[in-house]
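Student: Please find the sequence and the predicted model below.
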Amino acid sequence: MGNKATTQRIERAHRTGILSLAGQQYHALPVPIAKELQHQSSTLAPLLKSLDLSNNKFTSIPLELGQLTQLRLLNVSHNNISALTEEQIVRVFHQLHRLEHLDLNHNRIQVLPAFFFGQPESPPLQSLKLLYLAHNNIQAVPETISNLKELVVLDLSHNALTSVPGEALAVLHATLEELKLEYNTISQVPEALASLEKLTLLYMDHNKIQGFPGAIFKRTRVKTVSLEDNPITLRQLMEIDGYQQYEQRRKGRVDQLMKTV
């Protein structure tokens, strides 16, 4: 992207609060934008609400993003980010107190550091509602994910998880509605997930699940449980106490969807 096009995007971002740099093969922020954000008296930084850096070649999170204290949406999907370093976490993510939507899908992240989600008394991502981490190589989820008290959607599909931090996720009982864990190597579904009273969608296809806690059927609002390509069969699921309650909710959701067609 030439300087003229970059200048036009900066001008548009000043008007709209939205900046898209998607699909430009960038390894780093364009110099004019980096300089603008680094400047102490930047007029763009306090205005920007949405930033799209998807489909580029970033190998790390640009530190300049820490200046975007009003940012609500950050999309860094489809890049080459392999690690979330302490510097990136402290100087960027811990500054984005108003961030509601974070998309890190399709990167190469292997480790989620515990301090990424901060401490209970001062959670840095306190406004986060949507967290997308699919198509990485994440092997474990830290217990500190329980600090995301506003989280509604969590997508950890297509990773290398062998277990689910049930007790930590149960802390999010008042907000978490959608949990995506398909295409991992999870063998057990924690009964603690039954505490997620607002849970409506649970996707765990393509894992190694052999059993399922009936309490999830009975104590949550779950309307869709997807367990395709697991050792557990539909027949076994149907025999679990609480399945009929779930089936009524599932059919009700299907009927509602059909009415909208």
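Tutor: Nice, I can see it. Residues are numbered from 1 along each chain as shown.
Student: For the rest of this, base every contact and every neighbour count on C-alpha atoms.
Tutor: Noted.
Student: hey, which helix or strand in this protein has the poorest pLDDT?
Tutor: Within the chain, confidence by mean pLDDT, DSSP states H and E is lowest for helix 243-260 among all helices and strands, at a mean of 84.
Student: That one: which residues count as buried?
Tutor: 243, 246, 247, 249, 250 (16 or more other Cα atoms under 10 Å).
Student: What lies in contact with that helix?
Tutor: The contact list for helix 243-260 (Cα atoms under 8 Å, 6 or more residues apart in numbering) reads 214, 217, 218, 221, 222, 223, 224, 237, 238.
Student: of the residues you listed, buried ones?
Tutor: Of these, these count as buried by 16+ other Cα under 10 Å: 214, 217, 218, 221, 222, 223, 224, 237.
Student: can you name the two of the residues you listed that are farthest apart?
Tutor: 221 and 237 (17.0 Å; Cα to Cα).
Student: one step back: among the buried residues of helix 243-260, which one sits closest to residue 52?
Tutor: residue 250 (35.2 Å).
Student: Per-residue pLDDT of residue 2, please?
Tutor: As predicted, residue 2 sits at a pLDDT of 55.
Student: what about residue 209, how many residues close to it?
Tutor: As a burial measure, residue 209 scores 20 neighbours (other Cα atoms under 10 Å).
Student: Same question for the one 4 residues further on.
Tutor: Counted with other Cα under 10 Å, the burial measure for residue 213 works out to 18 neighbours.
Student: Residue 97 now?
Tutor: By other Cα under 10 Å, neighbour count at residue 97 equals 18.
Student: Touching, it and residue 69? I think so.
Tutor: Yes. With contact defined as Cα atoms under 8 Å, residue 97 reaches residue 69; the gap is 6.8 Å.
Student: can you list the buried ones among the contacts of helix 243-260 in a markdown table and add pLDDT and distance to residue 54?
Tutor: Converted to a markdown table, the buried ones among the contacts of helix 243-260 look like this (pLDDT from 0 to 100; distance: Cα to Cα, whole Å):
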| residue | pLDDT | distance to residue 54 |
| --- | --- | --- |
| 214 | 97 | 40 |
| 217 | 97 | 37 |
| 218 | 95 | 40 |
| 221 | 94 | 34 |
| 222 | 97 | 32 |
| 223 | 96 | 32 |
| 224 | 96 | 30 |
| 237 | 96 | 39 |
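Student: which SSE is residue 23 in?
Tutor: Secondary structure assignment for residue 23, by DSSP states H and E: no helix or strand.
Student: Kindly apply the preceding question to residue 179 instead.
Tutor: Going by DSSP H and E, residue 179 is in strand 178-180.
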